[in-house]
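Chemist: Dropping a prediction and its sequence here:
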Amino acid sequence: MADKQSTASKEGSLKQPESSSGNEKTKLRLTIPKGRIQEKVMTLLGQIGMNFLADGRSYRPLCSDPYVVTKLLKSQNIPSLVALGRHDCGFSGYDWIVEQDADVVQLLDLNFDPVKIVAAMPEDLVGDADFKTKDFGRKLIVASEYQNLTKRFIERNKLNAIFVQTFGATEALPPEDADVIVDNTSTGTTLKHNRLLVVEELMRSTTRFICNKQALEDPIKRKMLEEMTMLMKSTLLAKEKVMLEMNVSKDDFEKVVSNLPCMRAPTISELYNGDGYAIKIAVPVKEVPDLIPTLVSMGARDILEYKVEKIVAGYDS
């Protein structure tokens, strides 16, 4: 969390254009979601050279980059505040962007905190019937934190229902206080424990890095946002890959190279004694357990595996 973050050197600062100097330098106003996703986001930012120092009571952690001003906010508040220009950029769930119909630019999908937004009902209430056509004999109470998504759900399914706004713990309402809930779920375990049956999936959501259009019109801020996006993307991509290095004899070279699942083409250099080749490749982490035994069986030797910090594949990747 924020109070566990440490400072870092300013060598990792996002570079300002040379024309900027002194007080004229534009500071990027960044918002970070406070709560369960905060640590993941701050860790990722730390990996691109932006570290933070704050105590547990501060909503304004100090960023090691002197050109970035940071504030912690609830994820629900970030899309609308970024759209209004109160902040230049931030991180928020896609569900809240859609819920608020926020006019923001999505720069990067981090794939953090993947959830489904679903409508669920008590098992005893819905039974085996189609909830859309079943006659419940009364107005249904549909409860959710998502007002707009839920009202569209009611209208789309032509339900005879009343919407009730909730403020957390929505799954606790049925059956006494609500007939239907619209809520987010990652595994569905909480819904099952409360004997709730999913009757419709409204959408899927992950954490996004967003900014407003005004920030992109500012050349200084645009450059900073592009650099942040590139560095975060390369860091996230690197988590999916590892580097493998190996030596291969001339006789086995073609056989080994033709079976390598590298990103583009492997890096190859001739060994000092001219008796073979050294090969370096970036491969998907999930393929390594099967790949290494296969490479050994084809003649690869002296295999090294190590982590990759960043993979900058280019803007067209």
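Modeler: That came through fine.
Chemist: what about the residue of the chain most remote from its centre, which helix or strand?
Modeler: Counting by CA atoms, centre = their mean, the extreme residue of the chain relative to its mean C-alpha position is residue 273, 47.1 Å from that point. Here residue 273, judged by DSSP states H and E, is contained in no helix and no strand.
Chemist: Next: residue 106.
Modeler: If you go by DSSP H and E, residue 106 is part of strand 105-109.
Chemist: That strand: which residues count as buried?
Modeler: 105, 107-108 (16 or more other CB atoms under 10 Å). (Each C-beta comes from the backbone N, C-alpha and C, glycine too.)
Chemist: Could you point out the member of the residues you listed that lies closest to residue 41?
Modeler: Taking CB to CB as the measure, residue 41 sits nearest to residue 108 out of those, at 11.6 Å.
Chemist: distance of the residue farthest from the centre of the chain from residue 42?
Modeler: In this view, residue 273 and residue 42 are 49 Å apart by CB to CB, to the nearest Å.
Chemist: So for the residue farthest from the centre of the chain, what's the pLDDT?
Modeler: pLDDT for residue 273: 80.
Chemist: Verify the stated contact: residue 282 with residue 306.
Modeler: No. Assessed by CB atoms under 8 Å, residue 282 is found out of contact with residue 306, at 10.7 Å.
Chemist: and for the two, which residues touch both?
Modeler: Listed as contacting both residue 282 and residue 306 by CB atoms under 8 Å, 6 or more residues apart in numbering are 242-243.
Chemist: Looking at the two, which one has more neighbours?
Modeler: Using other CB atoms under 10 Å as the criterion, residue 282 and residue 306 rank with residue 282 on top: 20 against 8.
Chemist: that's a strand at the more buried one, yeah?
Modeler: Yes. Membership of residue 282 in a strand is supported by DSSP: H, G, I helix; E, B strand; the rest coil.
Chemist: For it, which non-adjacent residue is closest in space?
Modeler: Distances taken as CB to CB, 6 or more residues apart in numbering place residue 241 nearest to residue 282, at 4.7 Å, with adjacent residues excluded.
Chemist: And residue 27, by the same measure?
Modeler: Closest to residue 27 by CB to CB, 6+ apart is residue 69, at 5.0 Å.
Chemist: ok but the one you found is inside a strand, no?
Modeler: Yes. Residue 69: assigned to a strand according to three-state DSSP.
Chemist: Tell me which residues touch it, please.
Modeler: Residue 69 neighbours (CB under 8 Å, 6+ apart): 27-30, 60, 63.
Chemist: can you pull out the strands in the stretch 151-300 of the chain?
Modeler: 161-165, 180-185, 196-205, 207-211, 241-249, 267-270, 276-284 (DSSP state E, counting those that start in this stretch).
Chemist: Residue 299 is nearest to which of the ones you listed?
Modeler: Residue 299 sits nearest to strand 241-249 of all the strands of the stretch 151-300 of the chain, at 6.1 Å, using CB to CB.
Chemist: what does that closest one contact?
Modeler: Strand 241-249 is contacted from outside by 256-257, 263, 271, 275-285, 288, 291-292, 295, 299-308, 311, using CB under 8 Å, 6+ apart.
Chemist: Take that strand, keep the C-alpha atoms, and write them as PDB.
Modeler: Extracted in PDB, the C-alpha atoms of strand 241-249 (Å, rounded to 0.1, in the frame of the first residue of the first chain):
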ATOM      1  CA  LYS A 241       8.200 -13.800 -21.500                       C
ATOM      2  CA  VAL A 242      11.500 -15.200 -20.300                       C
ATOM      3  CA  MET A 243      14.900 -15.200 -22.100                       C
ATOM      4  CA  LEU A 244      16.500 -18.500 -23.100                       C
ATOM      5  CA  GLU A 245      20.100 -18.800 -24.200                       C
ATOM      6  CA  MET A 246      21.600 -22.000 -25.500                       C
ATOM      7  CA  ASN A 247      24.500 -23.400 -27.500                       C
ATOM      8  CA  VAL A 248      23.800 -25.600 -30.500                       C
ATOM      9  CA  SER A 249      26.200 -27.500 -32.700                       C
END
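Chemist: Tell me the strands beside that strand, with direction?
Modeler: The strands that strand 241-249 pairs with in its sheet are strand 276-284 (antiparallel), strand 301-307 (antiparallel) (by DSSP bridges).
Chemist: Now do it, average pLDDT.
Modeler: Rounded mean pLDDT across strand 241-249 is 94.
Chemist: So which bits of that strand are buried?
Modeler: Buried residues in strand 241-249 (16+ other CB under 10 Å): 241-244, 246-248.
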